[in-house]
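Engineer: with the sequence up front, the predicted model follows.
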Amino acid sequence: MAQTTKATRQNRTLTVDFQDPSTYFELIRNGQAFVEFVLAFILSIGFQLAHKATCTGGGYVTRHSHYARIRLGGLTIWRIQCTSCQAVFTVLPHFALRYRRMSPEVARQALIATHGGLSLEWCATICHISPMALYRLICALGQHSLVSVLVNCHLSLPAYILADEKHSTCLTERVYLPTIVSGRVIWHLGSSDSKSAAAFTQSYSVFQQAALDHEPSYQVRGALIDGFDSTVGSMRTLFPGARLGFCLRHALNKLPDKLVGVSASVRRGLRSKFHALLHRCRQRKSLRVVALGQRLRHFVNRIDATVGEVHGERIRH
Ligand SMILES: [Zn+2]
């Protein structure tokens with residue numbers, strides 16, 4: 001009964017990067033410096049403290065109380081409080097995990113080892129933790145999809161994406177890792193035994209489903225791809241309204257292979273011309289996007305003239 005009437009408690013635990021444990025132990029001796037460091041850190045990562053709804057602002061944050069985590073060797077943990085709304089925040093240093101005894105570094109190693117296929121028992125043994133602790137860690141952290149984590153971090157779903165598959169090996173098997181990125185953020189990282197369009201569609205649909213769960217009206221407006229048939233097929237299936245573009249970086253990487261039988265020095269020269277063209281386009285110094293198409297056509301015409309029309313045709317494609 002008591003459980004059902006209780007309002008949901010907001011998680012007010014802040015994990016703060018003190019860079020080095022010694023910095024933390026130095027700072028907790030000085031209340032003012034400690035609070036200032038915590039607030040500067042929160043600001044630097046672009047977050048805000050979750051005050052109570054009743055908070056009128058205008059208050060300041062002060063140190064409230066502390067306690068010792070016995071199982072972490074008596075580590076002192078401080079709480080800070082907003083003087084306006086009385087909200088209390090627990091400040092967890094980066095080298096301690098919430099509710100967990102193992103260090104983040106050990107947790108990371110153990111998770112990587114299990115992900116790589118090592119048994120729970122072996123991972124626990126090499127990391128000096130109990131198999132049960134590792135199992136609980138997997139239950140707690142393994143449930144999150146990239147999309148829900150990033151959306152929780154207040155990132156908006158990407159309207160334009162870049163989709164590509166990394167070819168890799170798992171033991172002796174070939175595997176493909178369908179990946180969706182936008183800017184510097186990875187939104188999807190799958191794994192597939194096959195490079196068929198159906199396999200890629202299934203992998204990319206995990207991203208699509210997670211995004212739709214969060215925002216039912218979500219639509220991808222454009223996708224950059226390398227032109228691989230399975231990627232094209234999966235994008236057309238999942239995001240029929242999206243405009244597909246070919247990634248110029250891939251075109252650049254593939255250029256030398258397309259010029260079979262041409263001397264290395266000529267290939268190098270053409271590649272660097274192409275590179276300079278794209279670089280100037282990215283910097284938008286002297287070249288607008290409209291002009292890029294024109295320059296690319298000139299570039300291919302030059303290949304026609306210098307190394308032959310057969311090569312020109314392939315590059316044009
Ligand atoms: Zn407040």
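Structural biologist: Great, that's in hand. Numbers count the residues shown, from 1 in each chain.

Engineer: so where is this structure shaky, pLDDT-wise?
Structural biologist: 1-8, 142-144, 281-292 (pLDDT under 70).

Engineer: middle-most residue in it, spatially?
Structural biologist: I186 (3.4 Å; C-alpha atoms, centre = their mean).

Engineer: spell out the residue ranges of the strands in the stretch 51-200 of the chain.
Structural biologist: All strands of the stretch 51-200 of the chain, identified by DSSP state E, counting those that start in this stretch, fall at 61-69, 75-82, 88-93, 160-170, 173-182, 185-189.

Engineer: what lines up beside the shortest one in the sheet?
Structural biologist: Yep, that's strand 185-189 we're talking about. strand 173-182 (antiparallel) (DSSP bridges).

Engineer: what are the buried residues along the strand it pairs with?
Structural biologist: 175-182 (16 or more other C-beta atoms under 10 Å). Quick note: C-beta positions are derived from backbone N, CA and C, even for glycine.

Engineer: stretch 105-120 now?
Structural biologist: Judged by neighbour count (16+ other C-beta under 10 Å), stretch 105-120 contains these buried residues: 106-107, 109-111, 113-114, 120.

Engineer: now do stretch 42-54
Structural biologist: 42, 49, 51.

Engineer: among the residues you listed, which ones are in helices?
Structural biologist: Mapping the buried residues of stretch 42-54 onto helices (DSSP state H) picks out I42.

Engineer: quick one: contacts of stretch 104-123?
Structural biologist: Outside stretch 104-123, the residues that touch it by C-beta atoms under 8 Å, 6 or more residues apart in numbering are 94-97, 100, 102, 124, 126-129, 131, 134-135, 137-138, 141, 170-171.

Engineer: can I get the buried part of those residues as one PyMOL selection?
Structural biologist: Remark: buried members of those, expressed as a PyMOL selection using 16+ other C-beta under 10 Å:
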select buried, resi 94+95+96+97+100+102+124+127+129+134+137+138
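
Engineer: ok, S205 touching F239?
Structural biologist: No - between S205 and F239 there is no contact under C-beta atoms under 8 Å: 10.3 Å.

Engineer: more neighbours: which of the two?
Structural biologist: Applying other C-beta atoms under 10 Å to S205 and F239 shows that F239 carries more neighbours, namely 20 against 16.

Engineer: roughly how far apart are the nearest residue to that one once chain neighbours are set aside and V175?
Structural biologist: Closest residue to F239 apart from its sequence neighbours, by C-beta to C-beta, 6 or more residues apart in numbering: V220 at 4.2 Å. Distance, V220 to V175, by C-beta to C-beta, to the nearest Å: 25 Å.

Engineer: can you check E26 too?
Structural biologist: E26 is 46 Å from V175, by C-beta to C-beta.

Engineer: got it, and D164?
Structural biologist: D164 is 14 Å from V175, by C-beta to C-beta.

Engineer: just V16 next, same as before
Structural biologist: Going from V16 to V175 by C-beta to C-beta gives 37 Å.

Engineer: ok, the residue nearest to F200 when sequence neighbours are not counted - contacts?
Structural biologist: Nearest non-adjacent residue to F200, counting by C-beta to C-beta, 6+ apart: S234, 3.9 Å away. Neighbouring residues of S234 by C-beta under 8 Å, 6+ apart: 163, 178, 197, 200-201, 203-204.

Engineer: export those residues as TSV, with columns for distance to R267.
Structural biologist: Output for the contacts of S234, formatted as TSV (distance: C-beta to C-beta, whole Å):
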residue	distance to R267
A163	28
P178	31
A197	32
F200	31
T201	36
S203	35
Y204	34
